[in-house]
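*Asks:* The sequence isn't on hand, but the structure is:
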């Protein structure tokens, strides 16, 4: 039995996959603590883990708008939203995250740290404590890599000279954005007696493992990813807060709609999707998530609006999915072999949508797509067999990934601490 310390921010779609891995370790007989926001206590304990809360680090104490930590919807541009997240949370508060983690390790040592990839402060703390480290990424590989366009615009790979030049320029710009967090990170490192790093990604490449919780078949191929990267397959667990559902009456195709579980200004789009489905001979099921009230969405008679529903169960009956292309919803749809319409709103969603479209298993539209375009795209997904065929091919590849729990196997294979853990007796 090993003692693992997980560190998780309440950032929405990252929580179910992170806790799925933690809970699986508990099922294997390991001892797991989770340092997280107070809003996640019930979910952490529901996974069988011990809950510990952030104190210095930014954290949510409830689900109110005032306590929202990631407020990228307030930014005027996607780059502005990224910089806000980098400077206000990931890098700018890295010293606070590191201090909380080291204090927890002083209270009780651990054998290894597993951290959400949004928290470089946890990576610095693990290095300072000389503990094995696994980083958990709950989407596609996030950093620039040979042969793959950088994250952000949702571009497809290109083999032309012009396309390669485009990607090289954008990759360099992306690295500069990440490296803008270096002063804060190196200040945190200096405070803990560690040498400075030269690039932001140095932190990630120093980890024992960087576990990517998706299917390698879903991501764009590249032979340039660091040696510590492992594709560990997706986690398909629904959040703890989902409620039971009843299938809407009728025999028409069922279309599941799920946009972000965090605030991204999605209410206008939900209303537009509801109206689009009202044009079609379908049964729509809109799941609002914890930040939107069903009463905010006016819906036609053939569209049911609920706070939540277990997507894994609904997908067994669904003929199509409409989503913002958050990785969790998109990969669940593909794992179920259901064609998907992606309407990305930001963050990693443009790039997830590109991979859905690139696989042939779905379509993507711009965030401002009209009601008519949403209806027409949904009709295509339901009427053209090629989308379902491609989705089922991807489902077969994902099923292969799930025959073993690669994430748990990689965590169990981490080396033992090379020095006495923080807080251990001399």
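*Replies:* Right, received. Where do you want to start? Remember, it's a predicted structure, so these values are computed and weren't measured experimentally.
*Asks:* Please name the nearest non-neighbouring residue to residue 372.
*Replies:* Computed as C-beta to C-beta, 6 or more residues apart in numbering, the closest residue to residue 372 that is not its neighbour in sequence is residue 276, at 7.5 Å. The C-beta positions use only the backbone N, C-alpha and C, and glycine is treated the same way.
*Asks:* What of residue 274?
*Replies:* Residue 274 sits nearest to residue 299 (C-beta to C-beta, 6+ apart), 4.4 Å away.
*Asks:* so which strand or helix has the one you found?
*Replies:* Residue 299 belongs to no helix or strand when assigned by DSSP states H and E.
*Asks:* Could you pull up phi and psi at it?
*Replies:* phi -130, psi 140 (degrees, to the nearest 10).
*Asks:* mind checking pLDDT for it?
*Replies:* Looking at residue 299, its pLDDT stands at 89.
*Asks:* what sits up against the helix or strand where the residue nearest to residue 372 lies?
*Replies:* Taking DSSP H and E as the criterion, residue 276 maps to helix 267-277. The set of residues external to helix 267-277 that reach it, using C-beta atoms under 8 Å, 6 or more residues apart in numbering, is 255, 257, 259, 284, 286, 288, 292, 296-300, 302-303, 305, 322, 324, 343, 345, 367, 369-372, 374-375, 378.
*Asks:* Quick check: buried residues in the longest helix anywhere in the chain?
*Replies:* When the chain is parsed with DSSP state H, its longest helix is helix 161-179. Buried residues in helix 161-179, defined by neighbour count with 16 or more other C-beta atoms under 10 Å: 167, 170, 171, 174, 175, 178, 179.
*Asks:* tell me what it is packed against?
*Replies:* Under the contact criterion of 3 or more C-beta pairs under 8 Å, 6 or more residues apart in numbering; DSSP states H and E, helix 161-179 touches helix 78-85.
*Asks:* do that again at 7 Å, thanks
*Replies:* The helices and strands touching helix 161-179, judged by 3 or more C-beta pairs under 7 Å, 6 or more residues apart in numbering; DSSP states H and E, number zero.
*Asks:* the bottom helix or strand of this protein by mean pLDDT?
*Replies:* Taking mean pLDDT, DSSP states H and E as the measure, the chain has helix 78-85 as its least confident helix or strand, at a mean of 85.
*Asks:* Name the residues that touch the helix or strand that that one is followed by?
*Replies:* Sequence-wise, the next helix or strand downstream of helix 78-85 (DSSP H and E) is helix 94-107. If you take C-beta atoms under 7 Å, 6 or more residues apart in numbering as the criterion, helix 94-107 is touched by 5, 7, 35, 52, 54-57, 119-122, 124-125, 128-129, 184-185, 187-188, 191-192, 421-423.
*Asks:* So among these, which ones count as buried?
*Replies:* Buried by 16+ other C-beta under 10 Å: 5, 7, 35, 52, 54, 57, 119-122, 124-125, 128-129, 184-185, 188, 421-422, out of the contacts of helix 94-107.
*Asks:* Now, these that are in helices?
*Replies:* Checked against DSSP H, the buried ones among the contacts of helix 94-107 include these in helices: 120, 121, 122, 124, 125, 128, 129, 184, 185, 188.
*Asks:* Output the below-cut-off pLDDT ranges for the stretch 151-300 of the chain.
*Replies:* Low-confidence segments of the stretch 151-300 of the chain (pLDDT under 70): 262-265.
*Asks:* So which residues of it form strands?
*Replies:* 209-212, 229-231, 254-258, 283-287 (DSSP state E, counting those that start in this stretch).
*Asks:* Contact partners for residue 208?
*Replies:* Contact analysis of residue 208 by C-beta under 7 Å, 6+ apart lists 132, 133, 134, 228, 414, 415.
*Asks:* Just the pLDDT at the fifth one, thanks.
*Replies:* What it means is residue 414. 96.
*Asks:* And it, how far from residue 24?
*Replies:* 15 Å (C-beta to C-beta, to the nearest Å).
*Asks:* ok, how many other residues are close to residue 45?
*Replies:* Number of residues near residue 45 (other C-beta atoms under 10 Å) recorded here: 13.
*Asks:* Secondary structure class of it, three-state.
*Replies:* Under the three-state scheme (DSSP: H, G, I helix; E, B strand; the rest coil), residue 45 adopts helix.
*Asks:* Quick check: it touching residue 36?
*Replies:* No - contact criterion C-beta atoms under 7 Å: residue 45 and residue 36 do not qualify, at 10.7 Å.
*Asks:* Could you tell me which residues touch both of the two?
*Replies:* With C-beta under 7 Å, 6+ apart as the test, residue 45 and residue 36 both reach residue 51.
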